[in-house]
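S.K.: Got a sequence here, can you build the structure:
(one chain, ligands or ions: 1)
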Amino acid sequence: MTEAVRTQGLFKQYGPQIAVAGVDLVVPAGSFAGLVGPNGAGKTTTLSMITGLLRPNAGQAWIDGLDVWRDPLQVKARVGVLPEGLRLFERLSGRELLIYNGRLRGIAKGDVEQRAEELLAVMDLTGAADKLVVDYSTGMRKKIGLAAALLHNPSVLFLDEPFEGVDPVSANTLTDVLQRFTASGSTVIFSSHVMDLVERLCDWVSVMSGGHIVAQGPLAEVRGGRTLNEAFLQLVGGPRNSGDTGLSWLGAKQ
Ligand code: ATP
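M.R.: Numbers count the residues shown, from 1 in each chain. Purely as a prediction, here's the structure:
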């Protein structure tokens, strides 16, 4: 198995709070991989450390066999990232944003312009290409962010909640683009809370809880004959409130 991503003992602590408690993540090359876990499980912190955005307190991460912190430039050339809380250059138009990103990546002007137009068309953003990014909706921002992350044809694409705020038609478009991308041997790793989506799209799943990986492997193995949602609830401990704890006032007639 060729690995697109491997981490060993990845650890991050904020004061007394351990966010990521020694994570050994593995993602085979060519996978459509899902990283799932409850709120606060450490998914964003893990993805930030793997993509070189956040320095771990301990542990190592490799992408395509390259050490993320020893070969930062080589690694960054190979990855595309759609981070959480996407910050974009708001005063550029969508088209300008893509061209600027492509030029920063060292792609020739003609190639960038062609790729930008193709990506705008696929993302259904051609009509909004000259609009400033500040005036884009949440879903449009996700789509232009994804286009920017794909522009340099990365080997591994990291997406933090890529479908949040994206309408169903656009979600299908994004799915098509990402499936085409993995079919050509590239790797997608995305975090999500939507189990149905992960079950439908992913062939590899890593489940995080409390800063640890609690299950990892091919989708069918992690599911183990259950739905992914059932497997997830069993792995992370199920609903924490049974429903009769407090909130008796909620919905009560005055
Ligand atoms: P969600 O699904 O809600 O996005 P997550 O799995 O992405 O959650 P993280 O954002 O990685 O979780 O957070 C993991 C833990 O680390 C949480 O307890 C969070 O409060 C803590 N944490 C994350 N970033 C910081 C920070 N900059 N300072 C202090 N604590 C942090």
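
S.K.: Tell me the strands beside the lengthiest strand in the chain, with direction?
M.R.: The longest strand of the chain (DSSP state E) is strand 3-14. Taking DSSP bridges as the criterion, strand 3-14 forms sheet pairs with strand 17-23 (antiparallel), strand 26-28 (antiparallel), strand 58-63 (antiparallel).

S.K.: Skip the chain neighbours and tell me the closest residue to D67.
M.R.: Among residues not flanking D67 along the chain, Q60 sits closest, at 6.4 Å (CB to CB, 6 or more residues apart in numbering). From N, CA and C alone the C-beta is placed, and that goes for glycine too.

S.K.: Show me what that neighbour bridges to in the sheet.
M.R.: Q8.

S.K.: give the contact list for it.
M.R.: Residues in contact with Q60 (CB atoms under 8 Å, 6 or more residues apart in numbering) are 7-10, 67-69.

S.K.: now do K131
M.R.: Shown here is K131, whose contacts under the criterion CB under 8 Å, 6+ apart are 93-94.

S.K.: And the pLDDT for it?
M.R.: The score at K131 is 97. That number is its pLDDT.

S.K.: now R240
M.R.: Note on R240: pLDDT of 60.

S.K.: do the same with V188
M.R.: On the pLDDT scale, V188 is placed at 96.

S.K.: Which residues are in contact with it?
M.R.: Neighbouring residues of V188 by CB under 8 Å, 6+ apart: 31-33, 156-157, 159, 178, 181-182.

S.K.: tell me the secondary structure for it?
M.R.: Under DSSP: H, G, I helix; E, B strand; the rest coil, the three-state class of V188 is strand.

S.K.: And it, how close does it get to the ligand?
M.R.: Separation of V188 from the ligand (CB to the nearest ligand atom, to the nearest Å) stands at 18 Å.

S.K.: For that residue, name its beta-bridge partners.
M.R.: Judged by DSSP bridges, the bridge partners of V188 are F32, L157.

S.K.: what would the contacts of V188 look like in CSV with pLDDT?
M.R.: Below are the contacts of V188 laid out as CSV (pLDDT from 0 to 100):
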residue, pLDDT
S31, 95
F32, 96
A33, 97
V156, 97
L157, 96
L159, 92
L178, 92
F181, 90
T182, 92
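
S.K.: Name the nearest of the residues you listed relative to the ligand.
M.R.: Minimum distance to the ligand across the contacts of V188 is 12.7 Å, recorded for L159 (CB to the nearest ligand atom).

S.K.: my guess is the closest one meets F181, correct?
M.R.: No - with contact defined as CB atoms under 8 Å, L159 does not reach F181; the gap is 10.9 Å.

S.K.: With neighbour numbers in mind, choose between the two.
M.R.: Between L159 and F181, counted using other CB atoms under 10 Å, the more crowded position is L159 (24 against 18).

S.K.: That one: what secondary structure?
M.R.: Classified using three-state DSSP, L159 is strand.

S.K.: Setting the sequence-adjacent residues aside, check what's closest to it.
M.R.: F190 (3.9 Å).

S.K.: ok, the one you found to R91 distance?
M.R.: As judged by CB to CB, to the nearest Å, F190 and R91 stand 28 Å apart.

S.K.: So which of these two has more stuff around it?
M.R.: Legend: neighbour count by other CB under 10 Å for F190 and R91, higher for F190 (24 against 10).

S.K.: separation between the more buried one and A121?
M.R.: To A121, F190 is 23 Å away according to CB to CB.

S.K.: now V27
M.R.: Note on V27: its distance to A121, by CB to CB, is 30 Å.

S.K.: F158 and the ligand: what is the separation?
M.R.: Taken as CB to the nearest ligand atom, the span from F158 to the ligand is 13 Å.
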